[in-house]
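**Q** What follows is a predicted protein model with its sequence.
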Amino acid sequence: MLQREFIYLWYYFSVQLEQIFGYWVLGMIIGSAVSVFAKDHIHNVFRSLGSKKIGIFGIVISSGLGMLSPLCMYGTIPIAASFSRSGIRDDWLAAFMMSSILLNPQLMIYSAALGETVLAIRILSCFLCGITAGLLIRVFYRRKSFFNFHGFDEPENHDIDRDIFLRYIKNLGRNMKATGPYFLIGIILSALFQRYVPADLMTDLFGGNEAFGILMAATVGVPLYACGGGTIPLLQQWLWEGMSIGSAASFMITGPATKITNLGALKIVLGIRRFLTYLVFIMAYAFTAGMIINLVI
């Protein structure tokens with residue numbers, strides 16, 4: 001009995017691994033390349049915006065640059081502190097930080113495993129979330145500061161080897177160590193879902209255009225999300241079993257936005273009242289985006 005169950009689980013695990021492993025490897029290769037060779041250029045482009053008078057258009061550019069930044073939130077906040085000191089406005093910073101929380105080049109590659117439509121929706125919804133956050137800060141905090149970066153210095157740069165090839169290999173090794181366990185856990189959980197969770201249950205919970213399914217997906221994203229690569233196998237399986245694209249988009253917004261390490265970092269620079277406002281914004285945006293996507297697709 002146990003041997004048969006193991007064979008079933010191994011089959012589901014191996015099929016899922018075969019389907020998604022290439023995306024994980026490619027994501028690490030490209031993600032590390034961006035981190036080593038392009039990160040400073042991306043951040044310098046953003047910093048240079050401080051001297052330009054481009055108004056609201058700066059929010060759009062900031063959101064796009066945030067998605068290209070390879071840093072995690074604990075790395076983004078010290079960088080954002082330096083941006084603030086160099087004259088970058090809070091609304092631009094909000095757009096950059098919001099989209100940076102939700103997406104990065106490596107996660108874009110991972111998400112390609114979900115199909116072109118889901119990938120495009122993820123990119124667009126994250127981009128618009130950053131823009132929305134920036135616009136809200138521009139409207140409601142035009143004359144007062146929203147962030148408190150007191151005490152933050154530049155983050156430590158680990159990519160300092162003179163040999164550029166060695167620098168890249170070390171970054172790739174850190175990347176594998178950071179994402180590998182979550183990736184494997186995600187595939188194991190996906191295999192368990194395939195074996196033991198009826199497909200009809202997933203359709204009932206997350207399928208169709210019902211607001212309940214989108215709200216459930218947004219809520220489930222809060223406790224389940226630990227690493228972007230780890231959730232891709234789960235999302236792939238849920239989509240196969242009837243999860244609507246709107247529900248998937250909602251999950252992909254609340255998940256990274258409420259990841260515990262991101263919340264811990266944000267609470268430091270926002271304070272309790274603005275931190276709670278941030279949580280309300282994320283849930284409201286995720287729900288609204290999911291509803292619109294299901295109506296359109």
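**A** Everything's here; your move. Numbers count the residues shown, from 1 in each chain.
**Q** What does the most centrally placed residue in the chain show for phi and psi?
**A** When CA atoms, centre = their mean is applied to the chain, the residue found nearest the centroid is L102 (2.9 Å). Phi and psi for L102, reported as degrees, to the nearest 10, are phi -80, psi -30.
**Q** Tell me the pLDDT of it.
**A** L102 carries a pLDDT value of 92.
**Q** wait, isn't it in contact with A257?
**A** Yes. Counting by CB atoms under 8 Å, L102 does reach A257; the two are 6.3 Å apart. Glycine gets a C-beta too; all of them are placed from N, C-alpha and C.
**Q** Now the nearest residue to G58 once chain neighbours are set aside: which helix or strand?
**A** Spatial nearest neighbour of G58, excluding adjacent residues (CB to CB, 6 or more residues apart in numbering): W92 at 4.9 Å. Element membership for W92, per DSSP states H and E: helix 90-102.
**Q** what helices or strands is that helix leaning on?
**A** Applying 3 or more CB pairs under 8 Å, 6 or more residues apart in numbering; DSSP states H and E, we find helix 90-102 packed against helix 57-68, helix 73-85, helix 116-140, helix 245-257.
**Q** mind putting the ones you listed in TSV, mean neighbour count, mean pLDDT and distance to Q237 included?
**A** Output for the helices and strands packed on helix 90-102, formatted as TSV (neighbours: other CB atoms under 10 Å; pLDDT from 0 to 100; distance: least, CB to CB, whole Å):
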stretch	mean neighbour count	mean pLDDT	distance to Q237
helix 57-68	21	94	25
helix 73-85	20	74	27
helix 116-140	19	96	13
helix 245-257	27	91	11
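**Q** Between those helices, which one is closest to G213.
**A** When the helices and strands packed on helix 90-102 are compared by CB to CB, helix 245-257 sits nearest G213, at 5.0 Å.
**Q** Kindly export the closest one (C-alpha atoms) in CSV.
**A** Extracted in CSV, the C-alpha atoms of helix 245-257 (Å, rounded to 0.1, in the frame of the first residue of the first chain):
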residue,chain,number,x,y,z
ILE,A,245,-7.1,33.3,-14.3
GLY,A,246,-8.5,36.1,-12.2
SER,A,247,-8.1,34.0,-9.0
ALA,A,248,-4.6,33.1,-10.0
ALA,A,249,-3.7,36.8,-10.6
SER,A,250,-5.2,37.7,-7.2
PHE,A,251,-3.0,35.0,-5.5
MET,A,252,0.1,36.3,-7.4
ILE,A,253,-0.5,39.8,-6.0
THR,A,254,-1.4,39.1,-2.4
GLY,A,255,1.3,36.3,-2.1
PRO,A,256,4.5,38.3,-2.6
ALA,A,257,2.9,41.5,-1.2
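**Q** Could you list the buried residues of the helix or strand just after it?
**A** Remark: after helix 245-257, the chain's next helix or strand is helix 260-296, criterion DSSP H and E. Neighbour-count burial for helix 260-296 flags 262-263, 265-266, 268-270, 278, 281-283, 285-287, 289-291, 293-294 (criterion: 16 or more other CB atoms under 10 Å).
**Q** tell me how far helix 260-296 is from the chain's mean position?
**A** 12 Å (CA atoms, centre = their mean, to the nearest Å).
**Q** Any chance you could list what contacts the one helix or strand S48 maps to?
**A** In this assignment (DSSP H and E), S48 forms part of helix 39-48. For helix 39-48, contacts defined as CB atoms under 8 Å, 6 or more residues apart in numbering pick out 34, 61-62, 65, 68-71, 79, 82-83, 86, 88, 96.
**Q** farthest-separated two in these?
**A** Every pair of the contacts of helix 39-48 checked by CB to CB; the farthest is V34 and S86, at 22.0 Å.
**Q** which of the two has more neighbours?
**A** It is V34, of V34 and S86, that has more neighbours when counted by other CB atoms under 10 Å, with 18 against 13.
**Q** Would you check that that one makes contact with L68?
**A** Yes. V34 lies in contact with L68 (CB under 8 Å); the separation is 7.3 Å.
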